[in-house]
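J.: Please work out how this folds:
(2 chains)
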Amino acid sequence: TQLLEQSPQFLSIQEGENLTVYCNSSSVFSSLQWYRQEPGEGPVLLVTVVTGGEVKKLKRLTFQFGDARKDSSLHITAAQPGDTGLYLCAGVYNQGGKLIFGQGTELSVKP
Amino acid sequence: DAGVIQSPRHEVTEMGQEVTLRCKPISGHDYLFWYRQTMMRGLELLIYFNNNVPIDDSGMPEDRFSAKMPNASFSTLKIQPSEPRDSAVYFCASSRGTPLSTDTQYFGPGTRLTVL
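T.: Numbering: from 1, shown residues only, chains lettered A, B, ... in the order given. As a prediction, the model looks like this:
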(Lines give C-alpha, C1' and ligand atoms only; values in the text may rest on other atoms or scores of the structure.)
Protein backbone atom coordinates (compact mmCIF):
# COMPACT_ATOMS: atom_id res chain seq x y z
CA THR A 1 0.00 0.00 0.00
CA GLN A 2 1.37 3.40 -0.98
CA LEU A 3 0.87 5.68 2.00
CA LEU A 4 1.24 9.42 1.90
CA GLU A 5 1.59 11.00 5.33
CA GLN A 6 0.80 14.66 5.78
CA SER A 7 1.51 16.73 8.89
CA PRO A 8 0.32 18.49 10.85
CA GLN A 9 -3.35 17.58 10.54
CA PHE A 10 -4.52 20.84 12.10
CA LEU A 11 -2.82 24.21 12.34
CA SER A 12 -4.21 27.36 13.92
CA ILE A 13 -2.03 30.45 13.73
CA GLN A 14 -2.21 34.23 13.90
CA GLU A 15 -2.07 36.46 10.86
CA GLY A 16 1.51 37.26 9.93
CA GLU A 17 3.03 34.00 11.18
CA ASN A 18 4.92 31.55 9.00
CA LEU A 19 4.08 27.87 8.69
CA THR A 20 5.24 24.68 7.01
CA VAL A 21 3.24 21.63 6.01
CA TYR A 22 4.97 18.33 5.28
CA CYS A 23 4.16 15.42 3.00
CA ASN A 24 6.13 12.17 3.27
CA SER A 25 6.18 8.72 1.76
CA SER A 26 8.41 5.66 1.77
CA SER A 27 7.95 5.39 -1.99
CA VAL A 28 9.28 7.56 -4.81
CA PHE A 29 6.86 9.87 -6.59
CA SER A 30 6.96 10.54 -10.31
CA SER A 31 5.39 13.89 -9.45
CA LEU A 32 3.64 15.57 -6.55
CA GLN A 33 0.86 18.10 -6.43
CA TRP A 34 -0.46 20.48 -3.78
CA TYR A 35 -4.13 21.43 -3.67
CA ARG A 36 -6.18 23.86 -1.62
CA GLN A 37 -9.79 23.13 -0.78
CA GLU A 38 -12.35 25.55 0.65
CA PRO A 39 -15.55 24.45 2.41
CA GLY A 40 -18.23 23.30 -0.01
CA GLU A 41 -15.86 23.21 -2.97
CA GLY A 42 -13.58 20.78 -4.71
CA PRO A 43 -9.78 20.86 -4.41
CA VAL A 44 -7.98 23.35 -6.63
CA LEU A 45 -4.48 22.67 -7.90
CA LEU A 46 -1.79 25.04 -6.60
CA VAL A 47 1.37 23.51 -8.03
CA THR A 48 2.96 20.40 -9.52
CA VAL A 49 6.58 19.47 -8.79
CA VAL A 50 8.37 16.88 -10.87
CA THR A 51 12.14 17.13 -10.41
CA GLY A 52 13.93 16.12 -7.21
CA GLY A 53 15.14 19.22 -5.36
CA GLU A 54 12.74 21.46 -7.26
CA VAL A 55 11.51 24.64 -5.59
CA LYS A 56 8.49 26.57 -6.83
CA LYS A 57 7.09 29.82 -5.53
CA LEU A 58 3.55 31.11 -5.77
CA LYS A 59 3.44 34.55 -4.14
CA ARG A 60 3.87 33.83 -0.39
CA LEU A 61 3.78 30.04 -0.90
CA THR A 62 7.00 28.06 -1.44
CA PHE A 63 6.88 24.42 -2.48
CA GLN A 64 9.85 22.07 -2.25
CA PHE A 65 10.29 18.58 -3.64
CA GLY A 66 12.80 16.40 -1.82
CA ASP A 67 15.97 15.32 -3.62
CA ALA A 68 14.89 11.68 -3.45
CA ARG A 69 11.34 12.55 -4.58
CA LYS A 70 9.84 10.93 -1.47
CA ASP A 71 8.82 14.08 0.37
CA SER A 72 7.60 17.61 -0.14
CA SER A 73 6.85 20.70 1.89
CA LEU A 74 4.66 23.75 1.59
CA HIS A 75 5.84 26.91 3.36
CA ILE A 76 3.60 29.95 3.75
CA THR A 77 5.18 33.26 4.69
CA ALA A 78 3.21 35.89 6.59
CA ALA A 79 -0.05 33.93 6.56
CA GLN A 80 -3.28 35.81 5.98
CA PRO A 81 -6.88 34.90 6.87
CA GLY A 82 -7.50 34.28 3.18
CA ASP A 83 -5.05 31.36 3.37
CA THR A 84 -7.48 29.48 5.59
CA GLY A 85 -8.49 26.14 4.10
CA LEU A 86 -7.62 22.48 3.68
CA TYR A 87 -4.25 21.85 2.04
CA LEU A 88 -3.79 18.49 0.35
CA CYS A 89 -0.72 16.90 -1.12
CA ALA A 90 -1.17 14.25 -3.77
CA GLY A 91 1.49 11.98 -5.19
CA VAL A 92 1.67 10.09 -8.42
CA TYR A 93 3.56 6.81 -8.40
CA ASN A 94 4.85 5.31 -11.59
CA GLN A 95 2.89 2.15 -10.88
CA GLY A 96 -0.77 2.81 -11.54
CA GLY A 97 -0.51 6.44 -12.55
CA LYS A 98 -3.16 7.53 -10.06
CA LEU A 99 -3.24 10.42 -7.64
CA ILE A 100 -2.89 9.31 -4.01
CA PHE A 101 -3.94 12.01 -1.56
CA GLY A 102 -2.63 12.74 1.90
CA GLN A 103 -5.09 13.23 4.74
CA GLY A 104 -4.80 17.00 4.48
CA THR A 105 -3.83 19.88 6.75
CA GLU A 106 -6.65 22.07 8.05
CA LEU A 107 -5.21 25.58 8.32
CA SER A 108 -6.91 28.38 10.22
CA VAL A 109 -5.38 31.84 10.15
CA LYS A 110 -6.88 34.22 12.69
CA PRO A 111 -6.83 37.99 12.15
CA ASP B 1 -15.71 27.36 -19.43
CA ALA B 2 -18.32 26.05 -16.97
CA GLY B 3 -15.96 23.66 -15.23
CA VAL B 4 -16.94 20.21 -13.99
CA ILE B 5 -20.65 20.09 -13.15
CA GLN B 6 -22.07 17.74 -10.54
CA SER B 7 -25.63 17.11 -9.47
CA PRO B 8 -27.24 17.04 -7.07
CA ARG B 9 -25.15 19.16 -4.69
CA HIS B 10 -26.83 17.58 -1.69
CA GLU B 11 -28.64 14.28 -1.35
CA VAL B 12 -30.33 12.90 1.72
CA THR B 13 -31.75 9.41 1.48
CA GLU B 14 -32.72 6.49 3.64
CA MET B 15 -30.78 3.28 4.00
CA GLY B 16 -31.63 0.82 1.27
CA GLN B 17 -32.54 3.40 -1.34
CA GLU B 18 -30.79 3.77 -4.69
CA VAL B 19 -28.67 6.88 -5.15
CA THR B 20 -27.41 8.24 -8.48
CA LEU B 21 -24.80 10.95 -8.68
CA ARG B 22 -24.16 12.76 -11.95
CA CYS B 23 -21.17 14.44 -13.53
CA LYS B 24 -20.51 16.47 -16.65
CA PRO B 25 -16.76 16.79 -17.31
CA ILE B 26 -15.03 19.70 -19.00
CA SER B 27 -15.42 19.48 -22.76
CA GLY B 28 -12.36 18.01 -24.44
CA HIS B 29 -11.10 16.19 -21.36
CA ASP B 30 -10.46 12.51 -22.01
CA TYR B 31 -10.17 11.40 -18.38
CA LEU B 32 -12.88 11.35 -15.73
CA PHE B 33 -12.35 10.47 -12.09
CA TRP B 34 -14.74 9.74 -9.22
CA TYR B 35 -13.46 10.39 -5.68
CA ARG B 36 -14.97 10.05 -2.21
CA GLN B 37 -13.98 12.28 0.72
CA THR B 38 -14.60 11.48 4.39
CA MET B 39 -13.04 12.73 7.60
CA MET B 40 -11.71 9.28 8.42
CA ARG B 41 -10.25 8.26 5.07
CA GLY B 42 -9.62 11.57 3.32
CA LEU B 43 -9.92 11.79 -0.46
CA GLU B 44 -9.95 8.40 -2.17
CA LEU B 45 -10.09 7.54 -5.86
CA LEU B 46 -12.99 5.21 -6.64
CA ILE B 47 -12.75 4.76 -10.40
CA TYR B 48 -11.50 6.53 -13.48
CA PHE B 49 -12.36 6.47 -17.18
CA ASN B 50 -10.35 7.15 -20.32
CA ASN B 51 -12.39 7.96 -23.42
CA ASN B 52 -15.52 6.64 -21.69
CA VAL B 53 -13.90 3.28 -20.84
CA PRO B 54 -13.36 2.31 -17.18
CA ILE B 55 -9.61 1.87 -16.63
CA ASP B 56 -9.24 1.26 -12.91
CA ASP B 57 -12.11 0.50 -10.54
CA SER B 58 -9.98 -0.95 -7.75
CA GLY B 59 -11.12 1.80 -5.41
CA MET B 60 -14.81 0.95 -5.70
CA PRO B 61 -15.67 -0.27 -2.20
CA GLU B 62 -18.03 -3.09 -3.11
CA ASP B 63 -20.60 -4.36 -5.57
CA ARG B 64 -23.17 -1.88 -4.35
CA PHE B 65 -21.21 0.79 -6.22
CA SER B 66 -21.26 1.08 -10.00
CA ALA B 67 -20.17 3.78 -12.43
CA LYS B 68 -20.91 4.37 -16.07
CA MET B 69 -19.85 6.81 -18.75
CA PRO B 70 -22.22 6.42 -21.70
CA ASN B 71 -20.65 9.32 -23.60
CA ALA B 72 -17.88 11.89 -23.35
CA SER B 73 -20.04 14.45 -21.59
CA PHE B 74 -21.78 12.42 -18.90
CA SER B 75 -21.01 9.97 -16.12
CA THR B 76 -22.97 8.48 -13.24
CA LEU B 77 -22.03 6.88 -9.94
CA LYS B 78 -24.75 4.68 -8.53
CA ILE B 79 -25.07 3.17 -5.07
CA GLN B 80 -27.67 0.43 -4.66
CA PRO B 81 -28.62 -0.20 -1.92
CA SER B 82 -27.20 2.72 0.03
CA GLU B 83 -25.95 2.36 3.61
CA PRO B 84 -25.18 4.95 6.32
CA ARG B 85 -21.43 4.33 5.93
CA ASP B 86 -21.69 5.60 2.35
CA SER B 87 -22.28 9.11 3.70
CA ALA B 88 -19.50 11.29 2.28
CA VAL B 89 -18.77 14.00 -0.26
CA TYR B 90 -18.37 12.55 -3.74
CA PHE B 91 -16.25 14.46 -6.23
CA CYS B 92 -15.96 14.13 -9.95
CA ALA B 93 -12.83 15.43 -11.69
CA SER B 94 -11.67 15.56 -15.29
CA SER B 95 -8.37 16.11 -17.08
CA ARG B 96 -6.88 16.04 -20.55
CA GLY B 97 -4.33 13.38 -19.64
CA THR B 98 -3.36 10.99 -16.89
CA PRO B 99 -1.70 12.09 -13.65
CA LEU B 100 1.51 10.58 -15.06
CA SER B 101 1.43 13.32 -17.67
CA THR B 102 1.07 15.92 -14.86
CA ASP B 103 -2.07 17.24 -16.52
CA THR B 104 -4.26 19.19 -14.11
CA GLN B 105 -7.30 17.50 -12.67
CA TYR B 106 -10.24 19.87 -12.34
CA PHE B 107 -12.65 18.99 -9.58
CA GLY B 108 -16.37 19.61 -9.46
CA PRO B 109 -18.05 21.13 -6.38
CA GLY B 110 -19.00 17.70 -5.05
CA THR B 111 -22.20 15.98 -3.95
CA ARG B 112 -22.72 15.72 -0.21
CA LEU B 113 -24.51 12.43 0.41
CA THR B 114 -26.20 11.62 3.69
CA VAL B 115 -27.69 8.17 4.17
CA LEU B 116 -29.95 7.93 7.21
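J.: make it CA atoms for all contacts and neighbour counts henceforth
T.: Fine.
J.: how close does residue A:97 get to chain B?
T.: For residue A:97, the distance to chain B (C-alpha to the nearest C-alpha, to the nearest Å) stands at 5 Å.
J.: and the closest residue to that residue other than its chain neighbours, how many neighbours?
T.: Nearest residue to residue A:97, sequence neighbours excluded (C-alpha to C-alpha, 6 or more residues apart in numbering or on different chains): residue B:100, at 5.2 Å. Neighbour count of residue B:100, defined by other C-alpha atoms under 10 Å in any protein chain shown: 17.
J.: just residue B:78 next, same as before
T.: Per other C-alpha under 10 Å, the neighbour tally for residue B:78 reads 17.
J.: picking up where we left off before, hang on, the residue nearest to residue A:97 in a helix?
T.: Yes - counting by DSSP: H, G, I helix; E, B strand; the rest coil, residue B:100 is located in a helix.
J.: which ones are touching it?
T.: Contacts for residue B:100 (C-alpha atoms under 8 Å, 6 or more residues apart in numbering or on different chains) come out as A:30, A:31, A:92, A:93, A:94, A:97, A:98.
J.: possible to save the residues you listed as a markdown table with secondary structure?
T.: A markdown table is the format used below for the contacts of residue B:100 (three-state DSSP):
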| residue | secondary structure |
| --- | --- |
| A:30 | coil |
| A:31 | strand |
| A:92 | strand |
| A:93 | coil |
| A:94 | coil |
| A:97 | coil |
| A:98 | coil |
